[in-house]
Every structure is written in C-alpha cells, then in structure tokens.
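> Provided below for reference: sequence and predicted model.
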2 protein chains.
Amino acid sequence: MPPITVAVDANGADLGPAEVAAGAALAAQRGVRVLLHGPAHEIGPVPAGVEVVDAPLSIAKAPDPALAVRSSPEASIVLATKAVAEGRADALVSGGSTGAALAAGLFTIKRARGIHRPALALPMPVPGAPVLLLDVGANVEVRPEHLVQFAFMGAAFAQAVLGVAAPRVALLSNGEEPGRGTPDVVAAHARLAQVSGGALEFVGNVEGTQVTEGVADVVVMDGFTGNVTLKLMEGVSSKLMRTIRDVAVQSPRGRLGGLLLRRPLRALRADLDPELTGGAYMLGLRRVGVVAHGRFTRTGFARAIDVAARAVREDVVGRTLAALDAAGALRPAPSSETPASVQAP
Amino acid sequence: MPPITVAVDANGADLGPAEVAAGAALAAQRGVRVLLHGPAHEIGPVPAGVEVVDAPLSIAKAPDPALAVRSSPEASIVLATKAVAEGRADALVSGGSTGAALAAGLFTIKRARGIHRPALALPMPVPGAPVLLLDVGANVEVRPEHLVQFAFMGAAFAQAVLGVAAPRVALLSNGEEPGRGTPDVVAAHARLAQVSGGALEFVGNVEGTQVTEGVADVVVMDGFTGNVTLKLMEGVSSKLMRTIRDVAVQSPRGRLGGLLLRRPLRALRADLDPELTGGAYMLGLRRVGVVAHGRFTRTGFARAIDVAARAVREDVVGRTLAALDAAGALRPAPSSETPASVQAP
C-alpha cells in the first residue's frame, strides 16, 4: 500500500510554522507523507518524509475568509487544498484558521456529491463519555436535511476513526420528546427516526444536561448552537476549576487539600488535553480535512495528521456516502445551490 | 402602603403542596400576603398571613400545557393566574411546572401592551460573575424585535430586582463581531447598537466562553439556545465535580485532599444554591410571574415569593415598558398575532 499523503497548511499556528513542521516530522516518522505548505524560511531544515512547498502568504487572520480564499490563489491554505483537490494529497490539515480552511475546502476540495453542506465535527474528551459534536460552526443556519446528513457524517466518522462499533446518534434539543425543539429539529427527528437501524442508531433528542452523560456517541446540532455548546463547555469547566482553586487557597486546610489533589488533577487534565483529539474535522467534502487548534504544539499537529491519515485509510468519505445512499438521504440532483456561507467557530 | 399579595400555585412541587405552603408561611412572616391555590386537605393547617383557595386539580404534569390550561378552568395554576389578572393579587408564583405557568400566564394574565412575547429569565449564580440569562425556554423561535425586547426586559429586571445599577446587556452569539450569528442575532445586534445608552448598556455579542466571565449582567438569546445553555451549564458543572471526586478517591493522598477540601467546597455549593435565586422569571406579562423549581424546599419557595413581591414594589413591568417606549421598541399597534407557542424548558 502506498503511503498516505497529507497536505498541511503551516500558517495560522500560534507557535509559528516551525512548530507545525515539527509535528509533521513526528507524523512522517510514523509513515505518513506530508506536503507542508508555508514560508520555507520559517520552517527551516526539512524533516525526513516531509516535502515543503514554499507558500509564505497566510490568510489565517483574514476578516473575510471566503473573499480571501477567492482573491489569494497563492495563499498557503489555498495551495494545500489544491494539492488535495488535484490528487497530490489524500487529506488536508490546517494549522489554525477554521474560517480559511472551511472556505478553501468548499471552494477547492468541494462538497462530496450528494452532500448539502459540510460540517465541522469536534470530538470532546469528556471523561468516561467521549462525544462527537457536530456542526460546531460551519453553518449558522441549517435545514432538516442538513441535520440528517450531519447525523450520518458523524456516525461514519465515529465508527471509522474513533472506533465506536455502533455509534448512537442524538439530536440536541430543549427536551427529549420528539416534538420538542425548533421546527427544523422536530423535522430532522422525524426523518432520523425513519432511517435509524442500518448505519445509524438514532437515540432521539438529548438535552444540554445529557451531552456529558454518555447517552450518545454523536450529538448533532446546527453550527450556531454547536459553537455556543463547545464554548460553554470550555468556559464553564475553566471557570469551575478556577473557582475551586480560589476557594481552596483561602484556608491552610484548603491549600493542603489542593496540594494533595494536584497530581491526580494534573493526570485528569492530561486526559482531557484537546491536543489528543487532533482538532475539528471537516466532514462532507470530497476529502477529509482537519482543523488543528492554533494553540496546539507539535504533538497536536502530529495527531491531526495521524487522524487525517486514518480517516483516509478507513475511507470515511466513502462510508458516509454509502450510508447516506442506503438511507436515501443523499441530495437528489446536482443543484445550483450556492456554497454555504462560512463562519469560523 | 398596603401589603403586596402574591398568588401561589402549590401544585407541581416535588415535595408536595405542604412544602410550598411552608414556604408561603415564611414569606408571610416577612410581610407578604399569599393567596395559596392547591389541595386544601394536603396543605393542612393554614399559616398566618396565608389564605388558602381550595384547588385540588393540578395540570403540572399535563403533556400539552396550553390545551390543559384552556380545558381546565378549575386547575390551581389557572385560578392563581386569574387572581392576578383580576387584581386580587399583584404577582404569580408557580410551584413547579414551567409549561403550565407560561401557558396560564399568557392566556390569563396576558402580555403587557406593546410586548411581542414574554420570556423566561434565569439568574445564574456564577461565583463573582452572576448573570441573568433570557430567554431560557419560553420561545423556541424568535424574531429580532423579540430579542431587542428581551434585552430591555432583562435590563429592567436586573436593575430593579437584582440591584445592578447599570446593567450591561449582551447577545449570545458564535463570535464577538457584530456580523456574527444567525441573521436574527445580527439584526438584533444592529438595533440594540442604535438604542443603547438610556436604560440599556449594550456591550455587543458574547461567546459561550464569556457567559461565566462577568462581561455582561444580562445575556440575551432565543429560548432554544437558552434552554441548551442553562442545561449545559448544569450538566458540565455536575460532571466535572463528579469527575474530580472520582479522581480524588483513587489514591489515599487524593482522598485526604478531598477530605480537606470538603468544607470550602460545601460553602461554595451553598453560594451556588439555585434556591437562592427564587427560580425563573416570566417577564413581559402584565404582572410578574415566578416559576420556582419543582425540586425546591420551603426556602426556595419563600424566596420566589419574596422576589415576586420585590418585583411588584420596584415596578419591573412599568420600568420595562417605559424603557421600551423611550427606545421606540414597543410593538406599534395591537396586532392579531396569535399567542406564542409555549414549551417548558
């Protein structure tokens, strides 16, 4: 089997392109071939297994990513997506900007045939109850058929890449009953209830309290709610940890208690490290794309490249389309629909 | 000044009508007059300052609250809202069912003139950064003008009842920039930016990470997102506390640390006790309504009655309408709009 090639955009990372290159080197050691797009002079000596494409232009901070993609054919993310679109690479990894990666993915790699909208999926490392959330920000507004496709896209990814044998898929709503939610959620519920059984085990609606309870492996929502959801989870966890620390340091007893808990809490934090998940996954394009978090170190970028390669090996795109086809949930005919508007999470 | 009278529905509480009656007795001791609607034989001896209206029929568990309200004129919540509508009481407190209280409030107390939709507002006791969230579940779908009114309703409540001198009001969105969010959120942002300055200090959009950071006193959202938000906050906090405990008990060191932290954490939990907030507030009706949580003990019900009385004394309804009028944000003419569909959070 030929090695899998991943096109990587080295721009956009907080620690700079050299850190992404270091991550690429780690992934290359494990057998992945990397086409690294970024400013060659910042990347430095080229690691073994990595091919550098000099692309100094970054649009990672562009205020209007879609416009930047269309007007900057030399931008590193555009060149990286082109390598994928033209078959020189099998998957994409972006070093930071979600908006630019989504826009370039849509314009260059393009939606897979039969897919209405790509979605951004994020594996959340909830202890004992890991859960894949999608859409976490690609589409602020969706129609029921989009939510239905997201369910299949998430299930195929969870099965092929996250190793969940029979993914349980839920819709996020404001109540468990099938009639609860916005009209779009209610309509998506009705359709998912009909197609459940094959590639998809639809477990109905979950409420906010249940997202962290392990009742579903995949939780589906529109991109506005998804962005709010993941950022609330981050914000509430961080606030609670700080509050507990603040409360603990107020007494000698509490300080000692905090000291004794330091080691187990550090271990917990390591388990919850977002770098272990590789980042957010663009699903629904002709090839898989991974958006690493700009804050990642080389470990996280290497992980993103590894997971992208795994998604290629396990044929996530093919499995998704086959499951949608079997369920009659592919978009019927080539439409003239304009590409979805893109907002970064 | 004559005492303020609060109509209370004793049905729907997990601990039964007698617990609500005990809460009413506590509030009555502090000078509030209570009209308690519920099954007289379960309420037992009538406390001083409390008048019991025998109303054994409960629709707190009815699957379709709106239908139950229309078809059950003798239900305790309907009789309690009638007492408010007819001027025999100044405010409403419900012992549990949000759906029934909202439906009965809309049908009987009715929307205040110029209000599009009532909203449910919930004070969240975030340590060092308390925040009022609305709408947390009355309206799964809203229009921009509804979000604008929610902003004024929340600001007036925060000022009059929660004691925030100049409430900072934000919109929850998927990005801070004015152009981020659903089209409805973007439109509401544009309008709020214009009217900001008088009764309202509009601080723009906040993301999910910022809800617990104290950057706004009032955060406005549609009722679907609001329900998801409050339930995620509950779920994530609870999951994190359990995870820390599970991690701590795995080693003798951790167990000792947990033991030493028990007292400060208990104090923290007491500060965060939802009973202290009184429950969720129905704003936008002709009179204020409070929906206590069904899990509350007498302390929480007494607090709900106290806050309802305070809202009357401080004229939350009048202040809200005056601020909306000054901002030109009242609904222009009596419309034939049908009442909002109601879903419990």
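Cool, the structure landed. Numbers count the residues shown, from 1 in each chain, chains lettered A, B, ... in the order given.
> Identify the residues contacting residue A:292.
For residue A:292, the contacting residues are A:13, A:20, A:93-96, A:278-279, A:300-301, A:304, by Cβ atoms under 8 Å, 6 or more residues apart in numbering or on different chains. (Glycine included, C-beta is placed from N, CA and C.)
> could those residues go into CSV alongside pLDDT and distance to chain B?
Shown next, in CSV, are the contacts of residue A:292 (pLDDT from 0 to 100; distance: Cβ to the nearest Cβ, whole Å):
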residue, pLDDT, distance to chain B
A:13, 93, 20
A:20, 95, 24
A:93, 97, 23
A:94, 95, 18
A:95, 86, 20
A:96, 75, 16
A:278, 84, 21
A:279, 90, 17
A:300, 94, 19
A:301, 96, 23
A:304, 95, 22
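> ChimeraX command for the buried members of the residues you listed?
Of the contacts of residue A:292, the buried ones can be selected in ChimeraX as follows, counting by 16 or more other Cβ atoms under 10 Å in any protein chain shown:
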select /A:13,20,93,94,95,96,278,279,300,301,304
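> Restricted to helices, list the contacts of residue A:292.
If you go by DSSP state H, the contacts of residue A:292 have A:20, A:300-301, A:304 in helices.
> returning to that earlier point: take the contacts of residue A:292 and lay them out in CSV including distance to residue A:74.
Formatted as CSV, the contacts of residue A:292 follow (distance: Cβ to Cβ, whole Å):
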residue, distance to residue A:74
A:13, 19
A:20, 18
A:93, 19
A:94, 16
A:95, 17
A:96, 18
A:278, 27
A:279, 25
A:300, 27
A:301, 22
A:304, 23
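> Who are the contact partners of residue A:88?
So residue A:88 contacts A:5, A:7, A:35 (Cβ under 8 Å, 6+ apart).
> make it 7 Å
By Cβ atoms under 7 Å, 6 or more residues apart in numbering or on different chains, the residues touching residue A:88 are A:5, A:35.
> Is it correct that it falls within a strand?
No. The assignment for residue A:88, made by DSSP: H, G, I helix; E, B strand; the rest coil, is coil rather than a strand.
> element containing residue A:57, please.
Counting by DSSP states H and E, no helix or strand carries residue A:57.
> In this model residue A:75 seems to touch it, though I could be wrong.
Yes. With contact defined as Cβ atoms under 7 Å, residue A:57 counts as touching residue A:75 (4.8 Å).
> Which one's more surrounded, these two?
residue A:75 (24 against 17; other Cβ atoms under 10 Å in any protein chain shown).
> Give me every residue in the stretch 201-345 of chain A lying close to chain B.
A:207-213, A:224-225, A:227-229, A:231-237, A:239-240, A:243-244, A:247-248, A:250-251, A:253-254, A:256-258, A:260-261, A:264-265, A:268, A:343, A:345 (Cβ under 7 Å from any Cβ of the partner chain).
> if you look at those, which of them are in helices?
Among these, the members found in helices (DSSP H) are A:224-225, A:227-229, A:231-237, A:239-240, A:243-244, A:247-248, A:253-254, A:256-258, A:260-261, A:264-265, A:268.
> Filter those down to the buried ones.
Buried members of these, scored by 16+ other Cβ under 10 Å, are A:224-225, A:227-229, A:231-237, A:239-240, A:243-244, A:247-248, A:254, A:257-258, A:260-261, A:264-265, A:268.
> Next, the contact list for the residue nearest the centre of chain A, please.
Nearest to the geometric centre of chain A sits residue A:280, at 1.8 Å (Cα atoms, centre = their mean). Each residue near residue A:280 by Cβ under 7 Å, 6+ apart is listed here: A:98, A:120-122, A:136, A:291.
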